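S.K.: I'd like to go over a predicted model; first the sequence, then the structure.
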Amino acid sequence: MTSAVPPCPPADDRADERADEPGGAPPLSPGRLAADAAQALAAVRARTPLVQCLTNEVTTNLVANALLAVGASPAMTAVPGEAEQLAAVAGAVLANLGTPGPDLRACLEPAVTTARRAGVPWVLDPVAVGVLSVRTRLAEQLLGARPAVVRGNASEVLGLAGLTSSGRGVDSCDAVEDARVAAVRLAHATGGAVAVSGAVDLVVAGDVAVRVSAGDPLLTAITGAGCALGALAAAFAAVTDPLTAAVGSSLVLGLAAERAASVARGPGSFQVALLDELYGLRPEHVVGLGDRLVVEPARTGARRAATAPVGAPA
Amino acid sequence: MTSAVPPCPPADDRADERADEPGGAPPLSPGRLAADAAQALAAVRARTPLVQCLTNEVTTNLVANALLAVGASPAMTAVPGEAEQLAAVAGAVLANLGTPGPDLRACLEPAVTTARRAGVPWVLDPVAVGVLSVRTRLAEQLLGARPAVVRGNASEVLGLAGLTSSGRGVDSCDAVEDARVAAVRLAHATGGAVAVSGAVDLVVAGDVAVRVSAGDPLLTAITGAGCALGALAAAFAAVTDPLTAAVGSSLVLGLAAERAASVARGPGSFQVALLDELYGLRPEHVVGLGDRLVVEPARTGARRAATAPVGAPA
Amino acid sequence: MTSAVPPCPPADDRADERADEPGGAPPLSPGRLAADAAQALAAVRARTPLVQCLTNEVTTNLVANALLAVGASPAMTAVPGEAEQLAAVAGAVLANLGTPGPDLRACLEPAVTTARRAGVPWVLDPVAVGVLSVRTRLAEQLLGARPAVVRGNASEVLGLAGLTSSGRGVDSCDAVEDARVAAVRLAHATGGAVAVSGAVDLVVAGDVAVRVSAGDPLLTAITGAGCALGALAAAFAAVTDPLTAAVGSSLVLGLAAERAASVARGPGSFQVALLDELYGLRPEHVVGLGDRLVVEPARTGARRAATAPVGAPA
């Protein structure tokens, strides 16, 4: 099976213009972002950050193994009293709402509040939010603790932002670009990054959006790829800023997926190879991936602005 | 490792006779059943039915991946309030009693009742019922909502029907044929199909029984093969009648297992290959499998009638 | 990837001396221990002991599959009312504290108490004990039911014995030898064996210590290797004495890991191959592994006595 990554988009002119604005931050070029992502991968491997995962029961094993493969140290402690103990000393916290039973719910709010107070970045993965009622209320409540990264599919990001979505459980029935406005709104509310997963991922932070072209369709043929991405975003958030964490984790998982797909016979061997490839991935594999990135203003997707939802709040 | 499937039994004369009875349904031949199973597989791939799984914690990941591999869309939502939300809109519901903790128990009755009312077929997998007390009471309670398919091993089916069994947890210590009378009784009580898993599976629905010769002993060397079969039966039940769902899922998992075993080095690589093969299986691989099926009257197994339990309730 | 097992240490002179003491037990030589371990493996395969696992949610699937691969029959029943039902009839019980939520906690004490009364050996895996408060209190409470085997890393064994450790969740920050005094103390308190996992495992029972050189660093690159070892120790404890169970399970998992590492491309394929190799391992592969074992007096590690913690309780 070969990679199904779309052709690399050309560099985004607007982003280059933005970098030249007077008083602006140092130029945020695709090449610079890829280099930052590579450096973050190196930092994860060097520091092995403890990632406290409050996550769903379906994919805990894959999440833990993905974190180990990338060099982080997973803890999956969802016991009230212990969850916040670990959150206070962790490098990052993952809050994945895939199976929000009573025990997990009892842990989430104390853990993310503790993380927030302790300056520990946390990642919100709003699985099926917007479709199912219990977790939707829960996600809204957690947002106040301002996650460094929100990672979801388009329907979930729309649901989290309170906009209409057409999701069905964990399946997104919305296109990534349809969630751009919601992502911008959420990113402004949290002060962090919002990553919308799809064939091409979209990451928004502040006024910047980055489109990431990496991955393989087999990622949708196994359970937990999205959960693993959220966990990797947490590992990266332990060592770098939210935007780099979201872009870097997307690049790393996407590249590993492409390599895994090239040797896989189907989803079973793909999942196995994905862990092998994550484990073998080195910063030098990532540093040159600037051509997989498009940097652009957050509010108006360069080529896709015309497809933004009409009438959606700006 | 090569396939250990027993030689294909010859076509069943009795079933052919039954097909000729005046006023009978269209002939239910092995070839027709296999064709129906192939068509059901095509329908699952075309419609990607949402299968809401209330299932056990040991094998959730395999169950979800098996559903994805066959083309369905798994949801594993065991949160009270959400479980019945999904049950109402799902294509099918799976109720697997492998780890019936308080949270799962709180979801099961509302979910299957909702499914029943909404006309959504559901599958009962009575793991270790008859041996362990909590789940045995639970299963009896759920039966009132009339599952489209019951799938268990011989001991579990005997336990569910209230007959004596010699099971030990998830291990069946009874032969498939020993559960025939129990399966007939259960099938009449529910109006659906009852599938008894073993070296040769037995499926009973109404007055018909089908023996399915497909699979590999490695299925018993991994955890979750039975759970995956129950889940596939649910996916099939979303698109076809209970008998075809039970027979079709058994054929499909069995064929995938045979193919997987031919490339596996042991149970680890077998599980990986099983998902690969399920993913790669196409309806044309199934349509000609009539020679794996024996159709016969439910109450008297053609060649094995002499081994039916003496004194068991008819 | 090749095996990273350290060179086999020479036979331990002290152990040979001890064997010659007047009134002593039959000589406990490395060769004899390996032969006993091989015999225990044969017994597990012949008797398929039921191992009732009260274990953590992250690694249940691997634990169950490892037990199946070695020939045991896993039950993962953590439902109050059922857990003690199974404990009473099981060959052994595993109590793994990795994710001690309310449901599991409600099962643990009744199950191990029942096991103790019924003469069923049980294994305590004190995951992250000493670091996290809830499970530390829980472990101390369970110790009264005297586990046949305690299996943990150095930090966990130190934590369980009430000594200072520098653990961080499931990561051990202490060397195996640093936990020797704690292991001796625990072994005397329980009357069973205490296994400290590390690059070289240390098993203490009564006045004897055994160092086991088997394994591969990839065991630390997947989640659940320690949990699987605890489960194998339980399977072995069902058919042999605690010391042989602890040493034998360590040898068997270590040897399977070495073989798996020789064909693995990374942690994903390693885990798959580990199950394949466990499944394929035969007693004749184990019987000659005496050169992987060092038998010595428990209180003074022969070559490493100088590194024992100064001032630690004797």
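M.R.: Yep, it's here. Residues are numbered from 1 along each chain as shown, chains lettered A, B, ... in the order given.

S.K.: Packing partners of the one helix or strand residue A:233 maps to?
M.R.: Secondary structure assignment for residue A:233, by DSSP states H and E: helix A:225-237. For helix A:225-237, the elements it packs on are helix A:30-47, strand A:50-54, helix A:60-70, strand A:92-96, strand A:122-125, strand A:149-153, strand A:193-197, helix A:242-261, judged by 3 or more Cβ pairs under 8 Å, 6 or more residues apart in numbering or on different chains; DSSP states H and E. In this view, the C-beta of every residue, glycine as well, is placed from N, C-alpha and C.

S.K.: Centre-most residue in chain A?
M.R.: Nearest to the geometric centre of chain A sits residue A:151, at 4.0 Å (Cα atoms, centre = their mean).

S.K.: Tell me how far it lies from chain B.
M.R.: 19 Å (Cβ to the nearest Cβ, to the nearest Å).

S.K.: I'd assumed residue A:230 was in contact with that residue.
M.R.: Yes. Between residue A:151 and residue A:230 there is a contact under Cβ atoms under 8 Å: 4.4 Å.

S.K.: Enumerate the residues of the stretch 51-200 of chain A near chain B.
M.R.: Listed as neighbours of chain B in the stretch 51-200 of chain A under the rule Cβ under 8 Å from any Cβ of the partner chain: A:56-59, A:61-62, A:98-103, A:128, A:132-135, A:168-171.

S.K.: Now go through those and say which are in helices.
M.R.: Under the assignment DSSP state H, these contribute A:61-62, A:102-103, A:133-135 to helices.

S.K.: Buried subset of the residues you listed as a PyMOL selection?
M.R.: Buried residues among those (16 or more other Cβ atoms under 10 Å in any protein chain shown), as a PyMOL selection:
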select buried, chain A and resi 61+62+103+134+135
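
S.K.: Now for the ones in helices among the residues of the stretch 51-200 of chain A next to chain B: which two are most distant?
M.R.: The span of these, defined through Cβ to Cβ, is set by A:61 and A:133 at 27.8 Å.

S.K.: what's the burial count for the closest residue to residue A:266 other than its chain neighbours?
M.R.: Residue nearest to residue A:266 in three dimensions, not counting chain neighbours: residue B:276, with 3.0 Å by Cβ to Cβ, 6 or more residues apart in numbering or on different chains. Neighbours of residue B:276 under the rule other Cβ atoms under 10 Å in any protein chain shown: 23.

S.K.: Then residue A:144?
M.R.: By other Cβ under 10 Å, 12 other residues sit near residue A:144.

S.K.: Specify the local secondary structure of it.
M.R.: Assigned state for residue A:144: helix (three-state reduction, DSSP: H, G, I helix; E, B strand; the rest coil).

S.K.: between the helices and strands packed on helix A:225-237, which gets nearest to chain C?
M.R.: Ranking these by proximity to chain C (Cβ to the nearest Cβ) places helix A:60-70 first, at 4.0 Å.

S.K.: Please export the alpha-carbon coordinates of the closest one; CSV is fine.
M.R.: Taking Å, rounded to 0.1, in the frame of the first residue of the first chain, the C-alpha atoms of helix A:60-70 are listed here in CSV:
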residue,chain,number,x,y,z
THR,A,60,-5.5,3.4,26.1
ASN,A,61,-3.0,0.7,25.0
LEU,A,62,-2.3,2.4,21.7
VAL,A,63,-2.0,5.8,23.3
ALA,A,64,0.4,4.5,25.9
ASN,A,65,2.5,2.7,23.3
ALA,A,66,2.5,5.7,20.9
LEU,A,67,3.8,7.9,23.8
LEU,A,68,6.5,5.4,24.6
ALA,A,69,7.5,5.1,20.9
VAL,A,70,8.0,8.8,20.6
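
S.K.: need the next SSE after it, C-terminal direction.
M.R.: Using DSSP H and E, the helix or strand that follows helix A:60-70 in sequence is strand A:73-75.

S.K.: Quickly check: stretch A:209-221 near chain C or not.
M.R.: No. Applying Cβ under 8 Å from any Cβ, one finds stretch A:209-221 separated from chain C by no less than 13.7 Å.

S.K.: Stretch A:46-61 too?
M.R.: Yes. Using Cβ under 8 Å from any Cβ, stretch A:46-61 reaches chain C at A:50, A:57, A:60-61.

S.K.: Tell me, how many residues neighbour residue A:109?
M.R.: By the criterion of other Cβ under 10 Å, residue A:109 has 17 neighbours.

S.K.: Now stretch A:132-143: buried residues?
M.R.: Neighbour-count burial for stretch A:132-143, counted by 16+ other Cβ under 10 Å, picks out A:132, A:134-136, A:138-139, A:142-143.

S.K.: same question, stretch A:94-108
M.R.: A:94-101, A:103-108.

S.K.: Over to stretch A:194-207?
M.R.: Within stretch A:194-207, the residues that count as buried by 16+ other Cβ under 10 Å are A:194-198, A:200-205.

S.K.: Quick one: distance of that stretch to the chain centre.
M.R.: Centroid separation between stretch A:194-207 and its chain, computed with Cα atoms, centre = their mean, to the nearest Å, is 8 Å.

S.K.: ok so, going back, where neighbours are concerned, which of the residues of stretch A:46-61 next to chain C has the most?
M.R.: Within these, residue A:60 tops the neighbour count with 31 neighbours, counted by other Cβ under 10 Å.

S.K.: Before we move on, what's the pLDDT of the closest residue to that residue other than its chain neighbours?
M.R.: Of all residues not flanking residue A:60 in the chain, residue C:58 sits nearest, at 4.7 Å (Cβ to Cβ, 6+ apart). We have a pLDDT of 93 for residue C:58.

S.K.: What does the pLDDT read for residue A:222?
M.R.: So residue A:222 comes in at 98 (pLDDT).

S.K.: before we move on, the earlier item: between the ones in helices among the residues of the stretch 51-200 of chain A next to chain B, which sits nearest residue C:155?
M.R.: Of all those, residue C:155 sits closest to residue A:61, with 22.6 Å by Cβ to Cβ.
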